[in-house]
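Asks: here is my input, please return the structure:
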Amino acid sequence: MFRLSIVTPERVYYDGDVASLVVPGTEGYLGILSNHAPLITALQEGRIEYRDEADTVHILAVSGGFLEVFDNKATLLADAVEAAEEIDVDRARDALERARKKLEKVSSGSSPEEINVDEARDALQRARNRIKVYNETH
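Replies: Here you go, the predicted structure:
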């Protein structure tokens with residue numbers, strides 16, 4: 001077992017002992033077990049999976065952040081996390097459609113209002129990730 005802390009700007013999402021952790025690093029998914037070598041890596045959008053003391057597997061959607069592993073402790077600083085069972089898939093689908101429409105307006109050149117393309121792309125990716133994590137678990 002090792003200690004895992006998952007922290008977002010809003011709150012400490014989880015702080016407890018776990019047997020394993022799988023995260024979406026920038027070079028692909030990586031697994032963490034007890035006594036892992038020290039590590040710092042950026043995270044990309046994807047799926048987090050950890051197994052707690054009771055051997056329960058928890059699956060989360062993450063929108064990016066950083067992971068530090070040191071001295072049998074993993075600290076995950078996430079932009080946002082959401083448990084798979086808490087994802088409102090209808091809301092995610094609506095967000096996906098809104099982001100697509102904004103990007104279509106920009107690509108067609110018919111956008112009267114100012115659209116932040118980076119924000120629209122980020123929203124599109126977040127919505128896709130939330131839908132994917134939801135679909136994988138339901």
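
Asks: buried sites along the lowest-mean-pLDDT helix or strand in the chain?
Replies: Every helix and strand in the chain was compared by mean pLDDT, DSSP states H and E; the lowest is helix 89-108, with a mean of 90. Neighbour-count burial for helix 89-108 flags 92, 95-96, 99, 102-103 (criterion: 16 or more other C-beta atoms under 10 Å). No exception for glycine: its C-beta is placed from N, CA and C like everyone else's.

Asks: which strands and helices sit next to that helix?
Replies: Packing partners of helix 89-108 (3 or more C-beta pairs under 8 Å, 6 or more residues apart in numbering; DSSP states H and E): helix 117-137.

Asks: hmm, who's touching the helix it packs on?
Replies: Applying C-beta atoms under 8 Å, 6 or more residues apart in numbering, the contact partners of helix 117-137 are 45-47, 59-63, 80, 82, 84-85, 87, 89, 92-93, 95-96, 98-100, 102-103, 106.

Asks: distance check, Lys102 against Ile131.
Replies: As judged by C-beta to C-beta, to the nearest Å, Lys102 and Ile131 stand 18 Å apart.

Asks: likewise Asp17?
Replies: 31 Å.

Asks: comparing the two, which residue is more hemmed in?
Replies: Ile131 (17 against 12; other C-beta atoms under 10 Å).

Asks: now do the buried residues in the host helix or strand of Leu21.
Replies: Here Leu21 sits within strand 12-25, counting by DSSP states H and E. In terms of neighbour count (16+ other C-beta under 10 Å), strand 12-25 has its buried residues at 13-14, 18-24.

Asks: circling back: dump the buried residues of helix 89-108 to JSON lines, plus distance to Leu124.
Replies: Converted to JSON lines, the buried residues of helix 89-108 look like this (distance: C-beta to C-beta, whole Å):
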{"residue": "Ala92", "distance to Leu124": "11"}
{"residue": "Ala95", "distance to Leu124": "8"}
{"residue": "Leu96", "distance to Leu124": "6"}
{"residue": "Ala99", "distance to Leu124": "4"}
{"residue": "Lys102", "distance to Leu124": "9"}
{"residue": "Leu103", "distance to Leu124": "7"}
